[in-house]
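Undergrad: Starting from these lines, generate the structure:
(4 chains)
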There are 2 protein chains.
Amino acid sequence: MGKLSIKDIAQQCNTSITTVSFVLNGRAEEKRISKELKERILKTIEDTGYKQNQFARGMRTGKTNIIGLIIEDISNAFFSAVARIIEENAYKRGYKIIYCSTDDNTEKTKELIKLFVERNLDGYIITPPKGIEDEIQSLINQKIPVVLFDRYFPGLETDYVVVDNFNGAKKAVQHLFDAGFVNIGLITTTSDLTQMQERLDGYEEAIAENGKKPKILKIPFDNSAEQNIETISSYLKKNKDLDAIFFSTNYLAFRGLEAINELKMKIPEDIAIVAFDDQEFFKIYNPSITAVSQPIKDISIKLIDILLQKMESIDKPIEKVILPTNLIIRNSSIKIK
Amino acid sequence: MGKLSIKDIAQQCNTSITTVSFVLNGRAEEKRISKELKERILKTIEDTGYKQNQFARGMRTGKTNIIGLIIEDISNAFFSAVARIIEENAYKRGYKIIYCSTDDNTEKTKELIKLFVERNLDGYIITPPKGIEDEIQSLINQKIPVVLFDRYFPGLETDYVVVDNFNGAKKAVQHLFDAGFVNIGLITTTSDLTQMQERLDGYEEAIAENGKKPKILKIPFDNSAEQNIETISSYLKKNKDLDAIFFSTNYLAFRGLEAINELKMKIPEDIAIVAFDDQEFFKIYNPSITAVSQPIKDISIKLIDILLQKMESIDKPIEKVILPTNLIIRNSSIKIK
DNA sequence: TTCTTTTGCTAAATCATTTTAGTATAGCTA
DNA sequence: TAGCTATACTAAAATGATTTAGCAAAAGAA
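TA: Okay, the predicted model is just below:
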């Protein structure tokens, strides 16, 4: 059954293991195996259904044909959508995916990278939490292909794919001003990773350009959903002058909607809303929610593309990709007269 | 660096490779290795940071410590939530996860299983599409541990974890009758997999018990989102007498909400809604949506639990787990007087 | 004392490949 | 006809573990 080895093929073809191996690895030309023998071997492989043993192969070559996908949280819609497309494209090109969620936990991520490196995965796609610069650098030093996404380390020369968070955020806030809102707050996380910092900067610049003062609520990543609702709720109660809120990330927008519901406030009459990172949900919600949408497909395809190129030749020049976002204007940010 | 082999450890400890291997595999007692030598070996391993080469190990043992997670669609919230918990628990117990999405496509799934079996994964958790009974049976024959979930094959003696779809659906529909609705339609997929069939049966039984006639719309799985909205929209227009709809799955409920919005119908005044498979979204939506919730955590834990037991001893008796669902009543199914 | 058993360990085979360093033969050149 | 080159292949080493079979010394039994 599954017990066929290269030896069996060699015997059946009256040739050597070496020759079969060359044919198997597409080195027949190079090694001047005659067309005839090559065909015979190929046919035998086909007929018998022989498959290479991946362990033995990996043992010699150190290759696994497996890519490690290390993301913040597979159950978050943005990440699972990206994971989905990466998976699809990786499979098409003969690679499998091992994935895991980091929860943005530095220690957990370090562990995971160590674990994966032990297993000799061929390449990595990572949304890094803070504090793992050394681990990433060490991968690069070991010539192991890595591409970061969603955020990156400014001090590190790595390939990455991110979106233009700064302009995405700035445009969103400017849109609120244009729509006639005046006091615009920001609800964001305490994270100082690039993507969050840039969204914050975009908000602040738009605020400054309109001659206003920023009003920012920062919430730790590891708070529970209930805590978040509570925090946002009391922030809204304390800041009655706010007429619009920009949420820097989708899960905070969810909590915000719950808080707003609890307070029986109306969107956009009592408070207008814009969220970063569009969701199917935002389109259906009543009122529909204006959002900064990330080009999920482009991100995913670019990621897997860069990684595979890197895996083919590790000395490929570094690529830093910044993709544009798209502001989708819906009812939650349109003033009702 | 990573170049340490068991040989190096043996040399440093002035002992044989065999002995180190025994210690490494926890067989020191059994093989009567002296406490002293064992400690010395362990210490050297610790000090040098030696790690077993997984290829070489796998080559001898055929084990990978990797579990294959083959699910319908990682970007569906229900599946990604399950994946998340399985992942967490697998890692805790020293296993990694390779996953992939099937799209409920029979051919794709067959390919995937073949691919994974070639790689000698240690066990499988699968949401099977139709028509892969033979592949599952073949896994069982080869004594490879498998647990199915979400649906199963009635003719096959396999471990599985599902929910009580029949009673979940029946209760949901009965609840609509109890709330005063009279003409209740079902929107479901054309799939004849167990979970969908049972939900359909549950609906029909509730309808029959209330002396009504069923009104069912079946939509193929591979239709696009836009097609689905269109189909539901014209169904609603044609069946003006309906005052409530039961959606058999979450993505159809989404499309339904979009169609209802487009038609400017009001929930629950014009049409009441109950969906199978609760979502965070349903709680926040306005009005909030009544839903049959699946015990995601219990499902996931049970799955990984059964699989790991099976991996320890393949002859573990088969377990067929049917978990109860929970009807969460919200505003979309409460009659307004 | 001699034989048997237990203790503590190890040599060597094995797993299925890749790859290096060849060899043997045929054909061509001078 | 000797020498060289190209062609078509192969033997054997190496990869890093697990595991079978067995050995030497010490302890215990008769």
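
Undergrad: Tell me the helices and strands packed up against the helix or strand containing A:Leu257.
TA: Assigned by DSSP states H and E, A:Leu257 belongs to helix A:250-262. If you count contacts as 3 or more Cβ pairs under 8 Å, 6 or more residues apart in numbering or on different chains; DSSP states H and E, helix A:250-262 packs onto strand A:184-189, helix A:225-238, strand A:244-247, strand A:272-276, helix B:280-284. Every residue, glycine included, has its C-beta placed from N, CA and C.

Undergrad: buried stuff in it?
TA: A:Asn250, A:Tyr251, A:Leu252, A:Ala253, A:Phe254, A:Arg255, A:Gly256, A:Leu257, A:Glu258, A:Ala259, A:Ile260, A:Asn261 (16 or more other Cβ atoms under 10 Å in any protein chain shown).

Undergrad: Identify the residue nearest the first one in space, chain neighbours excluded?
TA: Spatially, and ignoring its direct neighbours in sequence, A:Asn250 is nearest to A:Asp277 (4.3 Å; Cβ to Cβ, 6 or more residues apart in numbering or on different chains).

Undergrad: Quick check, that neighbour in contact with A:Pro295.
TA: No. Using Cβ atoms under 8 Å, A:Asp277 is not in contact with A:Pro295; the gap is 11.4 Å.

Undergrad: circling back to that earlier point, residues contacting the helix holding A:Leu257, please?
TA: A:76-78, A:187-189, A:219, A:225, A:228-230, A:232-233, A:236, A:245, A:247, A:267, A:270-271, A:273, A:275-277, A:279, A:282, A:285, A:289, A:291, B:280, B:283-284, B:286 (Cβ atoms under 8 Å, 6 or more residues apart in numbering or on different chains).

Undergrad: pLDDT of it, averaged?
TA: For helix A:250-262, the mean pLDDT works out to 94.

Undergrad: Over to stretch A:198-218?
TA: 97.

Undergrad: centre of the chain versus that stretch, how much separation?
TA: 26 Å (Cα atoms, centre = their mean, to the nearest Å).

Undergrad: Just give the number of residues close to A:Arg40.
TA: 16 (other Cβ atoms under 10 Å in any protein chain shown).

Undergrad: ok, now which ones touch the nearest residue to it once chain neighbours are set aside?
TA: Among residues not flanking A:Arg40 along the chain, A:Cys13 sits closest, at 5.5 Å (Cβ to Cβ, 6+ apart). Residues near A:Cys13 by Cβ under 8 Å, 6+ apart: A:Val20, A:Leu37, A:Arg40, A:Ile41, A:Thr44.

Undergrad: and if we set it to 7 Å?
TA: A:Arg40, A:Ile41, A:Thr44 (Cβ atoms under 7 Å, 6 or more residues apart in numbering or on different chains).

Undergrad: How much space separates it from DNA strand C?
TA: 13 Å (Cβ to the nearest atom of the strand, to the nearest Å).

Undergrad: Please report phi then psi for that residue.
TA: phi -100, psi 0 (degrees, to the nearest 10).

Undergrad: Could I get the buried residue list for stretch A:15-25?
TA: Neighbour-count burial for stretch A:15-25 [16+ other Cβ under 10 Å]: A:Thr15, A:Thr19, A:Val20, A:Ser21, A:Phe22, A:Val23, A:Leu24.

Undergrad: Adding distance to DNA strand C as columns, could you present the helices and strands packed on helix A:250-262 in TSV?
TA: Below are the helices and strands packed on helix A:250-262 laid out as TSV (distance: least, Cβ to the nearest atom of the strand, whole Å):
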stretch	distance to DNA strand C
strand A:184-189	46
helix A:225-238	50
strand A:244-247	52
strand A:272-276	47
helix B:280-284	47
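
Undergrad: Could I get the full set of strands for the stretch 51-200 of chain A?
TA: Assigned by DSSP state E, counting those that start in this stretch, the strands in the stretch 51-200 of chain A fall at A:66-71, A:96-101, A:123-126, A:146-149, A:159-163, A:184-189.

Undergrad: What angle do strand A:272-276 and the fifth one make with each other?
TA: Here strand A:159-163 runs at 170 degrees with respect to strand A:272-276, directions being taken by axes from the mean of the first three to the mean of the last three Cα atoms, to 10 degrees.

Undergrad: Touching strand A:159-163 from outside, list them.
TA: With Cβ under 7 Å, 6+ apart, strand A:159-163 has contacts from A:147-152, A:195, A:294, A:299, A:302-303, A:306, A:310, A:318-323, A:325.

Undergrad: Just the ones in helices from the residues you listed, please.
TA: In helices, defined here by DSSP state H, the members of the contacts of strand A:159-163 are A:Gln195, A:Ile299, A:Lys302, A:Leu303, A:Ile306, A:Lys310.

Undergrad: Okay, the residue nearest to A:Arg40 and A:Gly49: tell me how far apart.
TA: 15 Å (Cβ to Cβ, to the nearest Å).

Undergrad: How about A:Asn331?
TA: Counting by Cβ to Cβ, the gap from A:Asn331 to A:Gly49 is 59 Å.

Undergrad: and these two? which has more neighbours close in?
TA: Per other Cβ under 10 Å, whichever of A:Asn331 and A:Gly49 has more neighbours is A:Asn331, with 16 against 9.

Undergrad: neighbours around the closest residue to that one other than its chain neighbours, how many?
TA: Excluding its sequence neighbours, the residue lying closest to A:Asn331 (Cβ to Cβ, 6+ apart) is A:Pro287, at 3.7 Å. The local packing of A:Pro287 (other Cβ under 10 Å) involves 19 other residues.

Undergrad: list the contacts for A:Pro287?
TA: Here A:Pro287 is in contact with A:Ile267, A:Pro268, A:Asn331, A:Ser332 (Cβ under 7 Å, 6+ apart).

Undergrad: quick one, phi/psi of it?
TA: According to degrees, to the nearest 10, A:Pro287 has phi -70, psi 160.

Undergrad: ok, and the closest non-adjacent residue to A:Thr15?
TA: Using Cβ to Cβ, 6+ apart, the closest residue to A:Thr15 is A:Leu37 (6.4 Å).

Undergrad: tell me which element the one you found falls in.
TA: Assigned by DSSP H and E, A:Leu37 falls in helix A:35-48.

Undergrad: what about A:Lys297, neighbour count?
TA: Using other Cβ under 10 Å: A:Lys297 sits among 11 other residues.
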